[in-house]
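Trainee: Okay, here's the prediction I keep looking at, along with the sequence it came from:
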Amino acid sequence: MNHLRTLCLCAVLSFAVGAAAQANAKPAASPTPAPTIGTVIDREISSMEREFVSAAEAMPDDKFNFSPTSLNIGGSEYKGVKTFAEEVRHVAATNFALWAPVTGDKPPIETTEDNGPPQLKTKAEIIKYLKDSFAFGHKAARSLTSESAALALIPNPFGQGQTTKLFCTSFAVAHAFDHYGQMVEYLRMNGIIPPASRGNQ
């Protein structure tokens with residue numbers, strides 16, 4: 001009889017300890033959703049946005065229209081290159097040109113100017129235009145919900161036939177990185193370390 005009581009007591013204690021442990025246990029982490037074409041492109045856009053916007057914001061207002069032409073470096077060929085402000089406006093305008101057809105949205109300012117809307121002159125106006133363009137990019141990436149959506153044909157923004165939504169969303173990132181390299185040079189010519197190169201300083 002004593003053995004039976006001891007056995008029952010042990011079983012009850014075991015059950016109580018197990019129930020308490022279960023109550024205090026953290027819920028199992030939900031599995032990470034599988035990547036999609038849209039989420040992969042969206043991550044690329046976010047990466048580009050972080051570096052490009054921070055570089056644009058790093059240039060002081062009074063140097064936002066800087067171009068190396070003003071340095072008069074002997075033996076150099078900087079005639080006709082874009083100013084820093086024009087680099088930023090050009091990329092933002094190209095972002096709109098590439099991403100707007102993917103979603104069917106209209107850019108806030110229609111322009112055919114290579115250097116973007118010339119009426120945007122101040123750093124604040126140009127940075128807002130740039131950030132708005134990246135918002136279009138995130139929306140475009142999120143619209144690529146399947147392979148068929150990504151490979152859907154749309155009119156080529158550059159006027160030559162058709163292209164895919166995937167090309168427009170991904171090419172904008174490659175294009176922006178190309179101009180980011182120019183902006184890095186412009187920042188360094190002004191003694192500014194680009195934010196992405198500062199590490200933990």
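Mentor: Structure's in. What do you need? Residues are numbered from 1 along each chain as shown.
Trainee: can you give me the offset of whichever strand or helix holds Ala124 from its chain's centre?
Mentor: Taking DSSP states H and E as the criterion, Ala124 maps to helix 123-142. In terms of Cα atoms, centre = their mean, to the nearest Å, the centre of helix 123-142 is set 9 Å apart from its chain centre.
Trainee: Let's see stretch 91-111 as PDB, backbone CA atoms only.
Mentor: The C-alpha trace of stretch 91-111 is given here as PDB (Å, rounded to 0.1, in the frame of the first residue of the first chain):
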ATOM      1  CA  VAL A  91      18.800  58.300 -59.700                       C
ATOM      2  CA  ALA A  92      15.400  59.300 -58.100                       C
ATOM      3  CA  ALA A  93      13.900  60.100 -61.500                       C
ATOM      4  CA  THR A  94      15.200  56.800 -63.000                       C
ATOM      5  CA  ASN A  95      13.800  55.000 -60.000                       C
ATOM      6  CA  PHE A  96      10.400  56.400 -60.700                       C
ATOM      7  CA  ALA A  97      10.800  55.700 -64.400                       C
ATOM      8  CA  LEU A  98      11.600  52.000 -63.700                       C
ATOM      9  CA  TRP A  99       9.300  51.300 -60.800                       C
ATOM     10  CA  ALA A 100       6.100  53.300 -61.700                       C
ATOM     11  CA  PRO A 101       5.300  51.000 -64.700                       C
ATOM     12  CA  VAL A 102       5.500  48.000 -62.400                       C
ATOM     13  CA  THR A 103       2.800  49.200 -60.100                       C
ATOM     14  CA  GLY A 104       0.900  51.400 -62.500                       C
ATOM     15  CA  ASP A 105       1.300  54.400 -60.300                       C
ATOM     16  CA  LYS A 106       2.200  57.900 -61.500                       C
ATOM     17  CA  PRO A 107       5.400  59.600 -60.300                       C
ATOM     18  CA  PRO A 108       4.700  62.700 -58.200                       C
ATOM     19  CA  ILE A 109       6.600  64.800 -60.800                       C
ATOM     20  CA  GLU A 110       6.600  63.900 -64.500                       C
ATOM     21  CA  THR A 111       9.900  64.600 -66.100                       C
END
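Trainee: Which residues belonging to the longest helix seen in the chain are considered buried?
Mentor: Criterion DSSP state H: the longest helix present in the chain is helix 165-189. Neighbour counts using 16 or more other Cβ atoms under 10 Å place 165-170, 172-173, 175-176, 179-180, 182-184, 186-187, 189 of helix 165-189 among the buried residues. Placement of C-beta: from N, CA and C, glycine included.
Trainee: Which neighbouring elements make contact with that helix?
Mentor: Where contact means 3 or more Cβ pairs under 8 Å, 6 or more residues apart in numbering; DSSP states H and E, helix 165-189 is packed against helix 37-58, helix 84-103, helix 123-142, helix 147-150.
Trainee: the inter-axis angle of that helix versus helix 37-58?
Mentor: Helix 165-189 runs at 20 degrees relative to helix 37-58, counting by axes from the mean of the first three to the mean of the last three Cα atoms, to 10 degrees.
Trainee: Between helix 84-103 and helix 165-189, find me the angle.
Mentor: Compare the direction of helix 165-189 with that of helix 84-103 by the same axes, to 10 degrees and you get 170 degrees.
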